[in-house]
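*Asks:* Build the 3D model from these lines:
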Amino acid sequence: MSPAVSRPVTPPAGAGGTGATNMPNMPNMSSVPNVPNVPNVPSGVGLYLAGVQLLFALGWITYAIYLPELAQQVGLERKWVPWILALDQLVFIVTDLVVGVWSDKAAKVQGRIARVVLLATLVSSLAFLLLPWLAPQGSAALFLGVTVVWAVTSSALRAPPLTLLGRYVAKSALPAMVALMALGLGLANAAAPYLGLALKGIDPRWPFLLSALSLAAVTLGMVAAERALARQGAAATGAGAVPAPPPPPISSTSGVFLVAVVIAAVSFQVHVFLASAPLYRAAGGAAWISHLMPVFWVGFNLALWPAARWVKRVGAPLAMAQAAVAGALAVAAAHAAGHTAPNLPALVVSQLAAGAAWAGMLCSAFIGSLAFGKTGREGFFNGSLQSLLAVAALSRLLMVVLVAPTPQQLVAWAGLPALSFALAGLLMVAALARLRGWPATK
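*Replies:* Next comes the predicted model:
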């Protein structure tokens, strides 16, 4: 998940009361090995993974805050900063998918994912730590090279942890575990404006050092986390489980689902990172902008647990459709409150609702992607999802550097994400009505 991310994911069960087992070509998910039928996954593992995602996202935010200063030290003008961030997203687009595919193969040997993730994170932390020390040397090539190393190795903390959840966690417990991981990202993004104020004027070497050491230290527990999940899976599956079936095929339903996700993700990027600040200023909230920007993420964090329970009840495909339509209504209301008839309290309520809708979409996206890959292609589908989230972030950055919209234009265009959210929702509704072969996710 990209912090600015990080990166996720019948007639479905719940869409009319029928279960996926009544559909043609649908495996009985309860008979697949390594899919425990008990929900008591170690809660400490979920909290641990949430902590890892929180520290990873805070590191990314720290990097984005200091990047203009570091770029200036190596002789790069500020106009190149969005291009450097775009380069990072390009790296994620490639490496997330590659690492996801690798994690499917590595998951066949218990402990391999955790060990490689640990090694990659140590390399990533070292590269991250070196950035503020290398910048004063004035070598742009060296600085950019180490930045790419950091981006490549940091992909180890995006797809593989979710691959582990998809392999070992019971279908009934997966929504709660995904919600916990998303909470780490939500808390980091909510803290971003305050972190920017707190770090103002501080030597970047210290925040980078603290962030790198904290993430490296926390990731040391990844091996223990994988062992705990594997023990839980083995205990629930039992010694007499049948051999795992071949990996599921890539289907039209999974393609439509991922297309809907990327449409929704682009809408989210534009609304949150481009349109929200101008809308707040247009509604008279310029003096409180640092306190208003986290409102979306407050709604997101508060809604994660209810969203996870809703996905568990109705299934990821239907929940995605419902959340996208809710997001369209919330963003349309935000546009009206910031542009058509400026009203700051109404804008705040609309942003809370938009954040809650995004919580539903992100939980549905990650749970759905893992269900499409069950069992054997969890990493591929989750890596694909992470890559598409990076595509959405890249589209926003390219809009900044190629279109360079003014604040007035962003306010006027702020209703467009509502239309694209609605498009994602309607696409899912049409697909649910016409296509067969949706995986069971509840």
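*Asks:* Low-confidence stretches in the stretch 301-442 of the chain?
*Replies:* Residue ranges of the stretch 301-442 of the chain with pLDDT under 70: 440-442.
*Asks:* And the stretch 151-300 of the chain, by the same measure?
*Replies:* For the stretch 151-300 of the chain, the stretches with pLDDT under 70 are 232-250.
*Asks:* which stretches of it form strands?
*Replies:* Counting by DSSP state E, counting those that start in this stretch, the stretch 151-300 of the chain has no strands at all.
*Asks:* Helices of that one, start to end?
*Replies:* Secondary structure of the stretch 151-300 of the chain by DSSP state H, counting those that start in this stretch: the helices cover 160-168, 174-198, 205-219, 222-237, 252-270, 276-282, 289-292, 295-314.
*Asks:* do you know which of these lies nearest residue 347?
*Replies:* In terms of CB to CB, the element of these nearest to residue 347 is helix 276-282, at 6.3 Å. Just so you know, the C-beta spots here come from the backbone N, C-alpha and C atoms, and that holds for glycine as well.
*Asks:* contact partners of the closest one?
*Replies:* 286, 288-289, 292-293, 296, 334-335, 337-339, 342, 344, 347, 351, 407-408, 410-411, 414 (CB atoms under 8 Å, 6 or more residues apart in numbering).
*Asks:* Emit the ChimeraX select command for whichever of those are buried.
*Replies:* In ChimeraX, this line selects whichever of those come out buried by 16 or more other CB atoms under 10 Å:
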select :292,293,296,334,335,337,338,339,342,344,347,351,410,411,414
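*Asks:* closest to residue 428 out of the helices of the stretch 151-300 of the chain?
*Replies:* Using CB to CB, the nearest of the helices of the stretch 151-300 of the chain to residue 428 is helix 252-270, at 5.0 Å.
*Asks:* circling back to that earlier point, from the helices of the stretch 151-300 of the chain, which stretch is densest packed?
*Replies:* Most buried of these, by mean neighbour count (mean count of other CB atoms under 10 Å): helix 160-168, with a mean of 28.
*Asks:* list the helices and strands that one packs on?
*Replies:* On a contact count with 3 or more CB pairs under 8 Å, 6 or more residues apart in numbering; DSSP states H and E, helix 160-168 meets helix 43-73, helix 81-106, helix 112-134, helix 174-198, helix 222-237, helix 344-372, helix 378-398.
*Asks:* Can I get the helices of the stretch 151-300 of the chain in JSON lines including distance to residue 426?
*Replies:* Shown next, in JSON lines, are the helices of the stretch 151-300 of the chain (distance: least, CB to CB, whole Å):
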{"stretch": "helix 160-168", "distance to residue 426": "27"}
{"stretch": "helix 174-198", "distance to residue 426": "24"}
{"stretch": "helix 205-219", "distance to residue 426": "40"}
{"stretch": "helix 222-237", "distance to residue 426": "37"}
{"stretch": "helix 252-270", "distance to residue 426": "9"}
{"stretch": "helix 276-282", "distance to residue 426": "24"}
{"stretch": "helix 289-292", "distance to residue 426": "30"}
{"stretch": "helix 295-314", "distance to residue 426": "17"}
